[in-house]
Structures are given as C-alpha cells and as structure tokens.
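J.: what follows is a protein structure lacking sequence information:
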C-alpha cells in the first residue's frame, strides 16, 4: 500500500512568486464566481474560465486546472458547511502545483517552478538532511506553496507485515493509554493541556497590557511557539509508540464527528422569557476542553508512523472502549478488578 507523508520546507521566493500567488488567488475567486452561476464541475469551469485566464494571465496551461480544482473544492465545502454565511472566497495566498510544473534539485536545494512556457522561477529551499532523505526514498506528488513554506506530499510504497499481536491505543484529554496483547500497558502524560493554558494566559496578559503593532508581534510569537512545542511533544510520543510496537497491529478509536458533536446546538424552550433558544448540547467548559486537545492529529501521527514501520492500523467504534478492559473484557471504570490493569508511564520515562 502507499503511505503519504507531507514535508514542510521553508523557502525564500521573489517577486515572481508573489505575483503568481496573487494571480492564482484571483483566478480561483473568478472561477468560484463562475461556478456559482454556471456550475462547478471541471468541465463547466474550464468552459467558463479558460479563455479569460489565457488572455489575462498567459501562464502555463496546467495552472488553470489547478485553479478549477481549488475553486470546486471551496464551493463544495461552502455548500456543505457554511451556506448562508456569504459567498465563498479564497483569501489566503496559496497555490497548488501540478507534478509537471516543478522539479526539485536536492543537491542545490532549489525548487524549479515553471510559470510560463519559456519562464522558470528558481526558489531556494531550506532543506535539512531529514528532508533530503525523505525525498530520496519517496515520490513527491502535487505540492502546495504559500508565501513562506512549501508543503511536499511524499508517497512511500509499504509492505504491511502480518502482526505478531495487537496494541490498543486510547487518546484522552491529556494522556495516551495503551495496552498490548502480551500485557504491556501504560499511560503517557502529554502535558499539552497545561502547555496550552500557560500560553493562553500569556496571550491574555499581552492583549490586556500591550498596545500597537508590538502586541500583534507578541501574539504571533507566542502562538507560533505554542504550536511548535505541542507538535514536538506529539511527534516524540507517537514516534515512541510506533517504534516500541513495531510489528504489531494498532487499534484506535474512531473519533470522527467529535468536534461537530461538541459544537452542535439544539432548540430549547426557555420558561423564564417564553422563547425558544438555541443552546449547545455540550456544556461550555466541556466544549472548551474537547476543542483544546488535538485528538485526531495524534491519531494521524500514530497512523502514518506505524504504517511507515509496516504495522497495520485499524479503527473501531469508540462506544464503551473506555469502560471495557482490553485485556480480559471486564467492564470497569478505573482499575480492572479481575486482572488489575491500571498501568502508568510518565513521559520522561518513555524517552
């Protein structure tokens, strides 16, 4: 099977790239307007936009289908989730690049981007040894490019092993618990909750005490630092699990719809004022807690790291998985009274 991992690489683009980013955004927004009026299939968007794009921009013809695809995707998402909140638009400066429109030179560390039939833009990349090794062992696919980063999806052909056992992994509010068929069990405390609360308090103090442009710079600084520290913890923990149980099958909970359930509203009659009001199904405090932990991101990290090791991954319904002992099947709340399963592993011990 094929496993896709995305590499994020910083770049230093010039004026040609800035112009391409702005023009691509304009093309996508024009295609969105035409798609809402005439239909947003690739065929209809091509009929409505190709001649206009060719006359207005004169880019390589493969850039135009990329704009159609992005516009069609934005319209579909808007119709599914945000219809009624105004017409959809592309605001970010980002382009989707076809495989035939770029070439990576790993020796020089540059991205050669074909903008027009006779024009190639050279973009310097900050490639580390990790990026070079990953690109040499895999096949780069269509990439995404914005003002600061290149997002390179790399595909790897993996032969999944026949598992010698299975390990069940449960992602909780601030820890990950696991238990394998051979009795190895543990709980890894992440500290993500405390980390996010700390940076939330820092940003709150900045918003209260600092004014002007310096405030925005500080908010961006602390926001970026929080994201990097959280990602570092998650990558280290998931790498530890994938390597420790290499050759095992991984079993995870299917948490699809967790965010939508936390944000779902219902109509409720208010006896005090006699009106029907919309209220959240989940209490405000629980809603904030559910939205603060990146449950699905942790599972995606475990999944692709395990697959790269050749370990199969499967998802099961989450109902009652926190109440049934994975070792003996007894239903319990904290510690299993029949087999004593209640393992604890501190993060510091795991590394």
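T.: Great, that's in hand. Here the structure is a predicted model, which is why all the values come from computation and not from measurement. Residues are numbered from 1 along each chain as shown.
J.: quick one: name whatever helix or strand follows the strand of greatest length in the chain.
T.: What stands out as the longest strand in the chain, according to DSSP state E, is strand 2-12. Where DSSP states H and E defines the elements, the next helix or strand beyond strand 2-12 is helix 15-38.
J.: that next one - contacts with which helices or strands?
T.: helix 42-56, helix 63-77, strand 94-97, strand 110-116, strand 119-125, strand 143-146 (3 or more C-beta pairs under 8 Å, 6 or more residues apart in numbering; DSSP states H and E). Bear in mind the C-beta positions are built from the backbone N, C-alpha and C, glycine included.
J.: given the third one, what are its sheet partners and their directions?
T.: I take that to be strand 94-97. strand 143-146 (antiparallel) (DSSP bridges).
J.: how about the partner strand, which residues are buried there?
T.: Going by neighbour count (16 or more other C-beta atoms under 10 Å), the buried part of strand 143-146 is 143, 144, 145.
J.: so who does the last one touch?
T.: What it means is residue 145. For residue 145, the contact set (C-beta atoms under 8 Å, 6 or more residues apart in numbering) comprises 11, 17, 21, 94, 95, 97, 113, 151.
J.: cutoff 6 Å now
T.: 95, 97 (C-beta atoms under 6 Å, 6 or more residues apart in numbering).
J.: and the gap between it and residue 97?
T.: 6 Å (C-beta to C-beta, to the nearest Å).
J.: could you do the first one as well?
T.: In this structure, residue 143 and residue 97 are 5 Å apart, going by C-beta to C-beta.
J.: residue 277 bridge partners, please.
T.: Beta-bridge partners, per DSSP bridges, of residue 277: residue 268.
J.: quick one: it from residue 18, how far?
T.: 48 Å.
J.: cool, and residue 123?
T.: For residue 123, the distance to residue 18 equals 11 Å [C-beta to C-beta].
J.: so where is this structure shaky, pLDDT-wise?
T.: Within the chain, the segments meeting pLDDT under 70 span 82-85, 257-269, 279-292, 319-351.
J.: surely residue 163 is in contact with residue 246?
T.: No - Residue 163 lies out of contact with residue 246 (C-beta atoms under 6 Å); the separation is 10.3 Å.
J.: other SSEs contacting the one helix or strand residue 217 maps to?
T.: For residue 217, the host element (DSSP H and E) is helix 213-244. Counting contacts by 3 or more C-beta pairs under 6 Å, 6 or more residues apart in numbering; DSSP states H and E, helix 213-244 is packed against helix 192-209, helix 295-308.
J.: hmm, 10 Å instead?
T.: Contact here means 3 or more C-beta pairs under 10 Å, 6 or more residues apart in numbering; DSSP states H and E; on that basis helix 213-244 packs against strand 166-171, strand 175-180, strand 185-189, helix 192-209, helix 295-308, helix 347-350.
J.: sheet partners, orientation included, of the longest strand of the chain?
T.: strand 119-125 (antiparallel), strand 149-157 (antiparallel).
J.: tell me the angle of it relative to strand 110-116?
T.: Here the directions of strand 2-12 and strand 110-116 differ by 90 degrees (axes from the mean of the first three to the mean of the last three C-alpha atoms, to 10 degrees).
J.: next, the buried residues of strand 2-12.
T.: 3, 7, 9, 11.
J.: quick check: the first one touching residue 139?
T.: If I follow you right, that is residue 3. No - in this structure, residue 3 is not within contact of residue 139 by C-beta atoms under 10 Å, at 11.2 Å.
J.: fine, thanks again, bye for now.
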